[in-house]
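# based on what follows, work out the 3D shape:
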Amino acid sequence: MAKLYFYYSTMNAGKSTSLLQSSHNYQERGMRTLVYTYAADDRGHGKVHSRIGLAAEARHFAPGVDLYREVSAEHANQAVGCVLVDEAQFLEPEQVRQLAAVADQLGVPVLCYGLRTDFQGQLFPGSARLLAIADNLVELKTICHCGRKATMVVRTRPDGSVEVDGEQVEIGGNERYLPLCRKHFHEARGELL
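Sure thing, here's the model as predicted:
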């Protein structure tokens, strides 16, 4: 029975690297994979990239795209062994339901990789839905500068100061986001515990 997986973490935990390795494992066994990434993230130019230099071609998902219909059409044309989604926090809740249907109705495993929370410590809508309905939840771990497990992320300005307000979605990498443990997240934001 195929399952819906959610691999979640903060920034710099190796989510894209893990996705690319999983896709490679399927392909090495002769199985076709469909890799998706968020359309508004134009840093990758149609690819999923990892910080360690791995990359693979990817399809784009955007709000309103019917992922079940798209995967179903591809699967009918040529069997799909696995669907892998990078930046899954940007999925709409309805798209998460569609991906669950890919696993349940088509029998194709779906592996989603994304952030759990934003720079304010709030769940992304896609992540919230994945946490609610995924068959398997897997936390990928990284560390804070203090050595503790990083579970939060802050957004920084060019001068290094921490932003506490703003839009939930702003595309960026190491130049804008910093993974921290909960203690240092609250300290960086000037919040008392």
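# local confidence estimate at D41?
pLDDT for D41: 59.
# contacts only, for L180.
By CB atoms under 8 Å, 6 or more residues apart in numbering, the contact set of L180 is T10, C144, H145, A150, M152, V153, V154, A188. (Each C-beta comes from the backbone N, C-alpha and C, glycine too.)
# switch the cut-off to 6 Å
Residues in contact with L180, defined by CB atoms under 6 Å, 6 or more residues apart in numbering, are C144, A150, M152.
# excluding chain neighbours, what is closest to the first one?
So that's C144. Spatial nearest neighbour of C144, chain neighbours left out: C181 (3.9 Å); criterion: CB to CB, 6 or more residues apart in numbering.
# one more: the second one?
Spatial nearest neighbour of A150, excluding adjacent residues (CB to CB, 6+ apart): P179 at 3.7 Å.
# contact partners for the one you found?
Going by CB under 6 Å, 6+ apart, P179 touches T10, M11, N12, T142, A150, V153.
# any idea what the residue nearest the centre of the chain is bridged to?
The centroid of the chain falls nearest to G114 when counting by CA atoms, centre = their mean (2.0 Å). Beta-bridge partners of G114, counted by DSSP bridges, are Y8.
# before we move on, back to that, and the residue nearest to A150, that one's in a strand?
Yes - judged by DSSP: H, G, I helix; E, B strand; the rest coil, P179 forms part of a strand.
# so the closest residue to V65 other than its chain neighbours versus E187, what's the distance?
Computed as CB to CB, 6+ apart, the closest residue to V65 that is not its neighbour in sequence is Q95, at 7.0 Å. Distance, Q95 to E187, using CB to CB, to the nearest Å: 35 Å.
# I'm done for today, thanks for sticking with me.
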